[in-house]
Every structure is written in C-alpha cells, then in structure tokens.
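# give me a 3D structure for the following:
(chains A and B)
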Amino acid sequence: MKVGTGYSRVLPSREAAGRAAAQALEGSDLRPAVTFVFTTEGYDQEQVLDSVRSEVGGSRVIGASGAGIVTSEGIFEDGVCVMVIAGPGIEAVTAIEDFRPEAPGETGKRLGHKLLAAKAATSGTVFVFPDGLAGNIALMLRGLYDVLGPDFKYAGGGTGDNLRFLKTYQFTESGVASGAVAAALLTGVTVGTGVGHGWEPVGSPLVITRAEDKFIHEFDERPAFSVYSERLGGIEPARFPEYGLRHPLGIVDAAGRFIIRDPLRVLPGGTLELVTEVPPRAVAYLMDGRMERLAEAAREVFRAALSTAGEPGFVLFFNCISRILLTRGAVDDVRIGREATGPAVPVAGMLTFGEVGAYADVPLFHNKALVAVIGGQPR
Amino acid sequence: MTDRTAELSVLYEIAAFDFSGSLDDLFAELVEKSSRIFGARRAILVLPGVGRESFTWGFSRVFPTGAADYVRQNESSPEAFVREASRKRCSLLLYLEKKGGFAAAEVRLLNILTGRLVETIERKHGESLLLQKSLELEAVFKALPDLYFRFDAEGTLLDYQAGTQSSLFVPGASTEGGSGSLLGKNVQEVLPPAAGRRSRAAIKNVLWTKSVVSVEYSFPSNGRQQFFEGRYLPLPGDQVIAVIRDITERKQAEEHLRHLSIHDSLTGLYNRSYFNEELHRIAHSRYKSVGLILCDVDGLKLVNDTLGHAAGDRLLRAAAEVLRSSFRGNDVLSRIGGDEFAALLPNVTETIAQKACRKIASAIDVHNGSHSEVPLSLSAGFAVSSAPPFDMNDLFRRADNDMYREKLHRGQSARSAIMQTLKQALEARGCVAEGHYDRLQHLVSMLAKSLGLPERTRTDLRLLVQFHDIGKVGLSDRILHKGGALDAEEFAEMRQHAEIGHRIALSAPDLAPIADWILKHHEWWNGQGYPLGLSGEEIPLASRILAIADAYDTMTNGRPHREAMSSKEAVKELKRCAGTQFDPALVKKFLSVLRKIDVRDQA
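Numbers count the residues shown, from 1 in each chain, chains lettered A, B, ... in the order given. Reported below is the predicted structural model:
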C-alpha cells in the first residue's frame, strides 16, 4: 500500500489544490484508488476539485469542506489537504446523495444502495461526509447502516464552513454539492477505527421532558435554559455560547458511555438549540472537560483504532471543531496520534461539525469527539 | 458515572418510551434506542395481526424473508435477545442482536423495554380503533339525516350533533354562537312543552329500564306540523343518547295511504270498504235510527261510450259534488260502485230522508243549469230503520228497491235527454251543414213516397236522417274538420262512426229500430263499403235510400274541403256510381224524383 499526503495554505484555489495533490503523489508511481480532499471555507471548491482531479487522474475522490485541515504538521484553520491511497487490491467507489431533511433515513438508504450498486462489497470501510447544516444526520446514518449492515466500518464527519453556518460542501470525483451527503467505500485495506471525547458528567441528571429535533424546550418540566443556567450557578443568555462550548450535554448508554450534544444558542422562551438532534425523553447530564481526560480519551481512541488496524499505513483524523477550540494549546490530538502510530505515518483530516463513529457496530453521530481511522497492513 | 447511575438513567428513558405516529415511527424509535443505548446492531419486530407484520433493521441485503422464522432459528444465539410479549389486543416478538451479546443488566433493561413496547402498541392500537370508530361514527352521522343528542339524568343537554341539516328542528334554536346556545339547557327548555315532557319521560324511562325507549312527538316548525321519532339509549355514567329522526314525510305518507284505503280516488268520497265498515259499526251503535240513501248515475255507460271515460269521470265527480252539498258533515257519503253512491244518515226520520232526496234533485237542477255539455241525472232511493239493533242488509235492500223504482220511472226520459244533448253537441261542433237535415228529410221522404213505403217506415226514415251520423260525436275535431282528404289512419277512425252510432242507437229505445240502418248507411252496392262489406240487397233499403240522398245533398251543397256541384254534375256522378256505390234501381228512381221536384219548382 502506498499513501501520500500533502497540503497547501496558499490562497489561490487551483494552486493550493494542485500543490497539495502533487505533494501527495510525490514519489509514488501508483495510480491512487482513492483521494481524500479536505478544504476550508474561502476556497473555490470547484476549482479545488478540478485541480486535484487533474493531478490524480481517474482516482475516486472524496472530500469535504470543514472548519480546518489536519496535517502531520498540525491543525490549520485554512488550507487544502490531500491524501492519496494506492496499492494492489485497494479499491474505492464513491456516491453522493441530496440530503432530504424530510426523509433522512431514506437519504441514507439511497446512499447505501448507490455504494453497493457501484461495488457489490460485503465488507470495507465507509467514509461519510454529510452536510453539517442539513437534517437529522443520526437518522441518515441508521438508514445507511440498514442497507450496508454491521460488516462495514463507518467513519467521517459533518462538513463545515469555519463556524459561519452558511454553506458547506461535499464532493466526489463527479462534482461539488451542498446540502448533500458524500460517501466512499474503501476495500482492500485493513482499517481500525476509534471514537471518543473525554467529557465527564457533573451533577445530577437532567430529564429532557420536552424536545423536538435539535431543540430542547424543557428539562424537568421547566424551561430548558432556566435549568441549565441554574446548574451553572446562573448565566446570562448573552454568554450562553461560551458556556455551551464548555458544558455540553451528555446522554448515557447502558454501558456508561456518553454521546455528547453541543448546545448552540438560546432561543426566546428558554429553548436551547443544539448542533444535533437529541432523543426525546432521554436523561442528560451537564458535561465537563478536564484537559487530562480529553487527552487520555484521544489516546484511547488511537489505541482502539490500532488494535484492529495492523501495521499502520495512514491516519485520518475527524476532529470536532468545538473540541479543538477548547483544547488548543492544551491537548494536541495530532501529536497524540503520531505518538501512537509513529511519526512517519501519513496524516490527514479535517475539523468536522459532528463526527461519525461507532462505539460498537452501528455508526452514531457525535459532537465534541475525535474519530480516528488507521489503515494498515495485517501484521 | 457508576453502573447504577447509568442504569437508572437508561431505565427512565425506557420507561418513558412512547411514540406518536405510525408503527414505522415506533420501530424507528426502537432502533434508535436499542442501537444507541444498548449497541444493538440488528433488530426485528414482529407484530402478528397488524397490517405490516414485521420490521427489520441492519440486515443489509441479507433480508430475512420470513422474519419470525429467522428469529426462531437464531433465538438461541448468545448474541441474540428474543422476547415475546402480549396484551389484550396485540402481541409482539422482539429480536435484538449485539456483537458479543448483551450483559445481564442490559437484558434486564431490555425486558422492561419490551414490556413498555407492547403496552404502548396496545394503547396506540386502542386509540387507533377508537379514532377509527369515532371517524366512522362521524361519517355515519354526517350521512344520516338524524339528529343526535346526549343528556344527563336530569335531561340537561350535554352534546349534540346534527346530520346533514343545519337546523336542529328546535323551535327558537339559535345557530349563532354555535353549540353554546343549546348546551347546558334542559330538554324541556329547548322543546315545546308536550314534546319536552315526552322526551324527559323517555330519559327517565331509559335510565330506569336500561333499555332502548322509543317515543314519537310533534310540534309546529317551519310553518307546518313536524313529526319526530326519538330512540333513547342508556350510556354509562347515567347519561342518555337520543337519536332523533324526522318522520314527517313518513307520517304524511301513512296518512295518505290511510286516506287512500278508505276513500275513492276519483270522487274523494269514502269507498266501498269504508262504507261496509260503517254499516257494521252503525249496526251495533246506539243510534236511535239510521237512514240509507242510494243513488245511481243515469246514462253513464252511454257517456263513456260516446264522449269517452274522461267525460264519464267528470260526470261522476259532478255527482259527488252534488251529493256533498246535499248532506250533513256527519253523514257517511260513499261511492260504492261504478255509478252508485250511498249516504248513511244516523238519527234520521223518513221525512228527513225524503227531504234529502229532494235536496239532491234541486242540487242537480242547479248543476245542470250551469253545465250544459252533459246533463247530470241521478236516480235516488231511500230507506229508514228506527228499531235498533238495525238490520243493515234489510235496510240496504229496501233502499235499493226504492232507487230501482225511481230509475225505471226516469230511465227513458234520461236517455232521451242525453240523446238530444249529443245531437246538439254534434251540431255545435259544426259537423252538420246548415239545412242539411231539412233537405235530406225532403229528399228521403220524396223517394220513400215514390217507392210506396209505409208511413211507419217513412217515420223511421225521418229518424234515420236525424241520427244517421250520431256516431260522429265520438270522433276528434281533427278528423271531423280536416280540410283535405283523410289518410288511411284517419279514414279508419272515421269509419268507426257507423259502429259508434249503432251502439248509441241501441242504447236509446227510440232509436233502437234504426240502429241497424245507422250501422249500414255507408255500405256499398258492390260490397266495397264499410263497416261490414255488405253488398246488394243485404244492405237495408233505408240505408240505400239514405246513401243516395245524402250523397246528392252533399254534392250539391258542398263541404268545407269541396265546392258544391251543380245538380247536373251531381246527377252525372250518381249515374256513374250507380251499381258500384249505389243501388242502380234506386238511383234511377231518385233521378225521376229529382226531375219531378225540378218541374214543380219551376212551376
């Protein structure tokens, strides 16, 4: 297996993409089976794709815009990052589907059918990049899973636009889209995945007594913001974004693991809008993030991924932007990853708006999490 | 986070499991919880007896065609959780699968989830059935014209629903403000007193007997008396449902049928059936006396045969009106036969009965004075019985005999009156040319005299002249007054006048002797006439005489569609038709009579 990465932070879109792709292809005479492209807001996505394709030829391309790019030299708020993967037996197919907010499950199913129509695989790794501003991504993932099943691994993240929340992009070699979900099915590579966050519950539980989609109207039969504010000793609505960043909600499962939900803003009437849907009538906890726990969580993610990856050949990072905003300077997930896999292993990725990763077999949609995909050769 | 805390949190979420949409929504919720909370990677839910019986998730293209069979085959797998649960109306089979299997604590929680699931489905099923029944009921109420009310034990209106009507048939009910104007009021406040009392009584009765009670009531509404049938049914909680149907039309139909069953449809008087019942009733009554007057319309058959049944019916209705005006309100006046009427008069004397008969006669005179087309003639007879119990058969027999005597006395003059009326009617219709009968009389008399016919025959011939075309009263004006030649259909109708005239003559004793001549006055000497196709001397002499004289007078005096000929031309025509249409010997004789008339006239 041959893997190459490259990135560029120059402003001209074609030049940045071309440089990144050329760098990734340097020293490799194999035609890539798949090319990952991650960009940030500010680039002309069509030009980026066009430029990359002109470098990688007939390779399948899967990519997305995000809040930042992840490279072996760190995380950057702007730039184009490319990873190419080639090798005997390594194949990839891609698909893109418009995200229908009124039928997210159906969207996932159609995406799954498209992938299997392109390649009748019975196992592999599915990389999923839904528009982070679209509808119920968790439900979309369950639809995708219903078609593909537990014999595939799942990873990816919601696409972003540097927290402007205006428009994000998803692309395959067939073109650039917005309000869609792009996916690639990679076979012929041994892959290990890990997902984690490190946030811990504080205080007693909050019962979500009234919620709908991304909106929590009430905790404990009372206006949601009032209860949230009380738990934190009283906060002004104007300061909610900063508190919300530090104190997300966590919903526990039977194994004691939490899935995080990021509060985004307060609405009139005390309703909290979150980044992602919350299950109604669930029990939530206010979460707190100690840096050492966040760092340990990152290490656990890489341990989990390495346990099934074999000899690591590449690392793909899907790291939540809100996690990075908090941990910057205190926790370096890229360094933790390189420590786990070795400094020579190619690294690429993006800062996502929600992450796709599975604790067990089924892909869930996380917030404030780190998803690592380590591809390698069997030992 | 301790295991216990996590378990409690999950327990709450499971206990609060609910769904508000379809079974697809329920399964989606189940998949969300089982995959997120428990890490389940596959799920099957089987719901026997439900429209879509099974739901699956996570099976990829390996789709189990028989979901229940798959569950049975894999229920022993250590990675499977399988539970069956049932309630009154539904049951389910749940299959979940997790890599490595479910922990004991998870199994405990999943058991609780399964129970919650089946309870939720049961409740939703019940709600769905209830909603469906409610919608069906609403549709039924909308389709039916009935009204529905719900009352409490005191008769207070709790709810109502009108069917297709906007009015509730409640006098004074206001539709302003919708249902608020009626709800909370007592039924006796809402309905008129009598109807309200009946309704209130029905409510009490229903709650006492716990069974259906039906009542009818009526009150004026929308300018007429309206009838309602209410069916009152008990409800739990001491409430009553009343379904009210407007039966006004039904009542009217019943009344109409009742009326028809005892009344004669043509005249509006009581019919024979009712008359017989009254006979029976009066026979056993406490009246001191009873009188019976029987009346018979004279010449009805003649009128029906000549002027048609419509004219006959008019005569009968006229008779009924005359009789109505002649009797008291409590006298039972009936039409008991085709042309027979009867009046039962309780508590009368013979004097009163006689007076009634005279009153009938006066009323007839008044009627005939203003209705000249067909004179009304009634023969009436009466009998009175003063000794209860009354022998009604004897009474009827005596009245009938008295009526028959009267009829015999009146018979001939009545028919003659009708005959003259018919002749006048024919002339009034312009069917007879002016002076035709006089000229014809003259010609026929001259010819009969020249033939040496006896006086009696000559008298009958004179009668024949007057009535030979009496049968034309039965023909339509279209035929009688047609400007040109008649077509085949019209001629066939015209030919009937010979037979009609024959029947008319037979019914009048004065004309009976000449009935046969009237029948055959259009026969031809050569057999090509009508109606019988007789020839030669088979045709009565009188008919042959009339035919020649009638033809000559018609030719020389013209018809509406043909100009008159000269005598010379008419003679020529008679000669031409002698031996075919006319008796040749009679033609010769007639011509010699004509020459004599001419000579005399010139002289």
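
# and the residue nearest the centre of chain A, bridged to which residues?
Among the residues of chain A, the one closest to the centroid is A:G157, at 2.1 Å (Cα atoms, centre = their mean). For A:G157, the beta-bridge partners are A:E355 (DSSP bridges).

# give the contact list for it.
Contact partners of A:G157, counting by Cβ atoms under 8 Å, 6 or more residues apart in numbering or on different chains, are A:64, A:66, A:129, A:132, A:318, A:320, A:350, A:352-356, A:371. Just so you know, the C-beta spots here come from the backbone N, C-alpha and C atoms, and that holds for glycine as well.

# so among those residues, where is pLDDT lowest?
Lowest pLDDT among the contacts of A:G157: A:G132, with 90.

# and it, how many neighbours does it have?
24 (other Cβ atoms under 10 Å in any protein chain shown).

# ok, B:A361 next?
Close neighbours of B:A361, defined as other Cβ under 10 Å, add up to 13.

# tell me the spacing between it and B:S379.
The gap separating B:A361 from B:S379 is 10 Å, by Cβ to Cβ, to the nearest Å.

# just B:E127 next, same as before
Per Cβ to Cβ, B:E127 is found 83 Å from B:S379.

# give me the more crowded residue out of these two.
Between B:E127 and B:S379, counted using other Cβ under 10 Å, B:S379 has the larger neighbour count: 22 against 10.

# on the three-state scheme, that one is what?
Secondary structure, DSSP: H, G, I helix; E, B strand; the rest coil: B:S379 is strand.

# bridged to it, which residues?
Under the criterion used (DSSP bridges), B:S379 bridges to B:D296.

# quick one, domains of chain B?
Domain assignment of chain B by automatic domain parsing yields the ranges B:3-139, B:144-252, B:264-424, B:431-602.

# quick check: longest helix of chain B.
Criterion DSSP state H: the longest helix present in chain B is helix B:104-143.

# which helices and strands sit right next to it?
If you count contacts as 3 or more Cβ pairs under 8 Å, 6 or more residues apart in numbering or on different chains; DSSP states H and E, helix B:104-143 packs onto helix B:3-15, helix B:23-38, strand B:80-86, strand B:91-97.

# sorry, back to before: got a pLDDT number for the residue nearest to the centre of chain A?
With respect to pLDDT, A:G157 scores 96.

# state the distance from it to A:V82.
According to Cβ to Cβ, A:G157 and A:V82 sit 17 Å apart.

# before we move on, back to that, want to throw the helices and strands packed on helix B:104-143 into JSON lines with mean pLDDT?
Output for those, formatted as JSON lines (pLDDT from 0 to 100):
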{"stretch": "helix B:3-15", "mean pLDDT": "84"}
{"stretch": "helix B:23-38", "mean pLDDT": "91"}
{"stretch": "strand B:80-86", "mean pLDDT": "93"}
{"stretch": "strand B:91-97", "mean pLDDT": "93"}
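
# any idea what the nearest residue to B:L110 once chain neighbours are set aside is bridged to?
By the measure of Cβ to Cβ, 6 or more residues apart in numbering or on different chains, the closest residue to B:L110 outside its immediate chain neighbours is B:F81, 5.4 Å from it. Beta-bridge partners for B:F81, by DSSP bridges, are B:L96.

# what about B:F81, how many neighbours?
B:F81: 23 surrounding residues under other Cβ under 10 Å.

# okay, now the residue nearest to B:L93 when sequence neighbours are not counted: neighbour count?
Setting aside the residues directly before and after it, B:L93 is nearest to B:V46 in space (Cβ to Cβ, 6+ apart), at 4.0 Å. Residues within reach of B:V46, counting by other Cβ under 10 Å, total 21.

# you'd agree B:V46 is up against B:G66?
No: using Cβ atoms under 8 Å, B:V46 makes no contact with B:G66, being 9.9 Å away.

# next secondary structure after the helix or strand where B:R397 lies?
Assessed by DSSP states H and E, B:R397 sits inside helix B:392-428. Sequence-wise, the next helix or strand downstream of helix B:392-428 (DSSP H and E) is helix B:436-450.

# and that following helix, what's buried?
Across helix B:436-450, burial judged by 16 or more other Cβ atoms under 10 Å in any protein chain shown covers B:436-437, B:439-441, B:443-448.

# same deal with stretch A:73-87?
For stretch A:73-87, by 16+ other Cβ under 10 Å, it's A:75, A:77-87.

# distance from the chain centre to it, please.
15 Å (Cα atoms, centre = their mean, to the nearest Å).

# which residues touch B:H367?
Per Cβ under 8 Å, 6+ apart, neighbours of B:H367: B:318, B:321-322, B:376.

# for it, give its distance to chain A.
To chain A, B:H367 is 88 Å away according to Cβ to the nearest Cβ, to the nearest Å.

# helices of the stretch 251-400 of chain B, start to end?
Taking DSSP state H, counting those that start in this stretch, the helices of the stretch 251-400 of chain B run over residues B:272-283, B:300-307, B:309-324, B:350-370, B:392-428.

# and these: which comes nearest B:R576?
helix B:392-428 (30.4 Å; Cβ to Cβ).

# quick one: mean pLDDT for the closest one?
What helix B:392-428 shows for mean pLDDT is 77.

# state the pLDDT value of the residue of the stretch 451-600 of chain B found nearest chain A.
As assessed by Cβ to the nearest Cβ, chain A sits closest to B:E489 within the stretch 451-600 of chain B, at 79.1 Å. With respect to pLDDT, B:E489 scores 86.

# what strand or helix carries it?
Element membership of B:E489, judged by DSSP H and E, is helix B:488-507.

# who are the packing partners of that helix?
Applying 3+ Cβ pairs under 8 Å, 6+ apart, one finds that helix B:488-507 makes contact with helix B:300-307, helix B:392-428, helix B:455-467, helix B:477-480, helix B:515-519.

# not counting sequence-adjacent ones, nearest residue to the closest residue to chain B within chain A?
With Cβ to the nearest Cβ, the shortest gap between chain A and chain B falls at A:G149, namely 3.1 Å. Spatial nearest neighbour of A:G149, excluding adjacent residues (Cβ to Cβ, 6+ apart): B:S60 at 3.1 Å.

# for A:V84, same thing?
Using Cβ to Cβ, 6+ apart, the closest residue to A:V84 is A:P32 (3.8 Å).

# distance of that neighbour from A:L166?
Going from A:P32 to A:L166 by Cβ to Cβ gives 32 Å.

# among these two, which residue is more densely surrounded?
Set side by side, A:P32 and A:L166 show more neighbours around A:P32, with 28 against 9, by other Cβ under 10 Å.

# just say helix, strand or coil for the more buried one.
Here A:P32 is coil, with the state taken from three-state DSSP.

# tell me if I'm right that it and A:A86 touch.
Yes: in this structure A:P32 lies within contact range of A:A86 using Cβ under 8 Å: 4.6 Å.
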